[in-house]
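1. have a look at this fold, sequence not included:
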């Protein structure tokens, strides 16, 4: 197993659920990466090559308000090709 981690400093304006879209590719399906906020698991993103996750509504994470370290960790088993071009987080607004 090989784990790759990237850390970003983010300023979250509102504690809320956020829709997460991404551009990525892999030979494998299933768990693709985990999102952590200050070393606390915020969400797990699964990859399905038949689905376009650049504009889907399948993935969401809960983020706490404030300045935080946001980590993305990818663990792959065996031989794999993977790429992760970008992430997009948008607050999910309630209809109430």
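-> Thanks, I have it. Owing to the predicted nature of the structure, the values given are computational and were not obtained by experimental measurement.
2. nearest residue to the middle of the chain?
-> Centroid check for the chain by C-alpha atoms, centre = their mean gives residue 35 as the closest residue, at 5.0 Å.
3. what's the pLDDT at that residue?
-> pLDDT, residue 35: 94.
4. pull out the buried residues from whichever strand or helix holds it.
-> Using DSSP states H and E, residue 35 sits within strand 30-37. Using 16 or more other C-beta atoms under 10 Å as the test for burial, strand 30-37 gives 32, 33, 34, 35, 36, 37. In short, each C-beta sits where N, CA and C put it, glycine included.
5. what of stretch 72-91?
-> Going by 16+ other C-beta under 10 Å, stretch 72-91 has these buried residues: 72, 74, 76, 82, 84, 87, 89.
6. how far away is the last one from residue 76?
-> Relative to residue 76, residue 89 is positioned 23 Å away (C-beta to C-beta, to the nearest Å).
7. can you count the residues close to residue 22?
-> 19 (other C-beta atoms under 10 Å).
8. buried residues, the helix or strand harbouring it. List them.
-> Following DSSP H and E, one finds residue 22 within strand 16-26. Within strand 16-26, the residues that count as buried by 16+ other C-beta under 10 Å are 16, 18, 19, 20, 21, 22, 24, 26.
9. ok, it: who's next to it in the sheet?
-> strand 60-63 (antiparallel), strand 82-91 (antiparallel) (DSSP bridges).
10. CSV for the ones you listed, including distance to residue 45 and mean pLDDT?
-> Shown next, in CSV, are the strands paired with strand 16-26 (distance: least, C-beta to C-beta, whole Å; pLDDT from 0 to 100):
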stretch, distance to residue 45, mean pLDDT
strand 60-63, 8, 93
strand 82-91, 9, 87
